[in-house]
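Asker: Predicted coordinates and the sequence they were generated for:
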Amino acid sequence: MSSQFPGDQPDPQPAPPSWTPSAPPQPASSVPAAGWYADPAGSGQLRYWDGGGWTAHLSPVPSAAPIYGAAPSYGVPAAYGGPGYAVVPRRVGFGDAVRMAFRNWKDFESRATLGEYWWFYLFQVLVVVVGYLVLAVLLAVVAAATGSTSGSSSSSSGGSAALGVVGVLFAVVFVVVSVVFFVVGLAVTVRRLHDTDRSGWWYLITLVPFGGIVLLVFLVGQGTPGPNQYGPVPV
């Protein structure tokens, strides 16, 4: 501790620490909560702060969301039970959802709305049902043709061969369609989880007992009102 006498100069005070882009503007006694803040790199967008550091996720500044100082202030849209600016997620129909799912089959980063996911799920169910109906009709036709010519051994062997060919072709088509639907459906599921601000790794919860029920609850939930760590509201 230094003593002061008349005429002495006051002890120099240390310079206040300068703020760097490693953390959002904050008081020295607190750390901002996770959320979207003005990008300190000066990109003119919002960058997501996870509570401990900046992430690589950027988002445009919503035109309807006022920004007070450095931190954007987001209200809860009326559609989600609260006042604030209303960002309405894009509405898609059956055909649009199917096209978007196949077009974005490599996208495991962004978000997908309720409609996108469940319309595509309905499409998968319809394809499976129609596929089995077609297989049943083909087998019935081949079986009928074989039965009508059962008097000849050559005809009988030809019918059996035809049944075998139909079975092999269906098996090949079934495997190809299953692989395609798995990849596309996985991408849509991951994006749907992102829309609820959950990691796509939650998909693995289906590997534990009753995990499928938990995943179903996640998939039927409303998306985050406003931007989250996986991007802005799909519009």
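Answerer: Sure thing, it's come through.

Asker: can I assume residue 100 is in contact with residue 92?
Answerer: Yes. Judged on C-beta atoms under 8 Å, residue 100 makes contact with residue 92 at a distance of 6.6 Å. Bear in mind the C-beta positions are built from the backbone N, C-alpha and C, glycine included.

Asker: Are there residues contacting both of the two? Which ones?
Answerer: Common contact partners of residue 100 and residue 92 (C-beta atoms under 8 Å, 6 or more residues apart in numbering): residue 116.

Asker: what ranges of the protein fall below the confidence cut-off?
Answerer: 1-31, 62-88, 146-160, 162-163 (pLDDT under 70).

Asker: name the helices or strands packed onto the longest helix seen in it?
Answerer: In the chain, with assignment by DSSP state H, the single longest helix is helix 153-195. Packing partners of helix 153-195 (3 or more C-beta pairs under 8 Å, 6 or more residues apart in numbering; DSSP states H and E): helix 94-103, helix 114-148, helix 211-219.

Asker: Okay, the closest residue to residue 100 other than its chain neighbours and residue 52: tell me how far apart.
Answerer: Leaving aside its sequence neighbours, residue 100 sits nearest to residue 116 (C-beta to C-beta, 6 or more residues apart in numbering; 6.0 Å). Counting by C-beta to C-beta, to the nearest Å, the separation of residue 116 from residue 52 is 32 Å.

Asker: Residue 91 sits in which helix or strand?
Answerer: Element membership for residue 91, per DSSP states H and E: none, as it lies in no helix or strand.

Asker: Give me the spatial nearest neighbour of it, chain neighbours excluded.
Answerer: Closest to residue 91 by C-beta to C-beta, 6+ apart is residue 115, at 6.2 Å.

Asker: Determine the longest strand present in this structure.
Answerer: Looking across the chain with DSSP state E, the single longest strand is strand 54-59.

Asker: circling back: just say which of the helices and strands packed on helix 153-195 is most tucked in.
Answerer: Per residue and on average, the most neighbours among these fall to helix 94-103, with a mean of 16 (mean count of other C-beta atoms under 10 Å).
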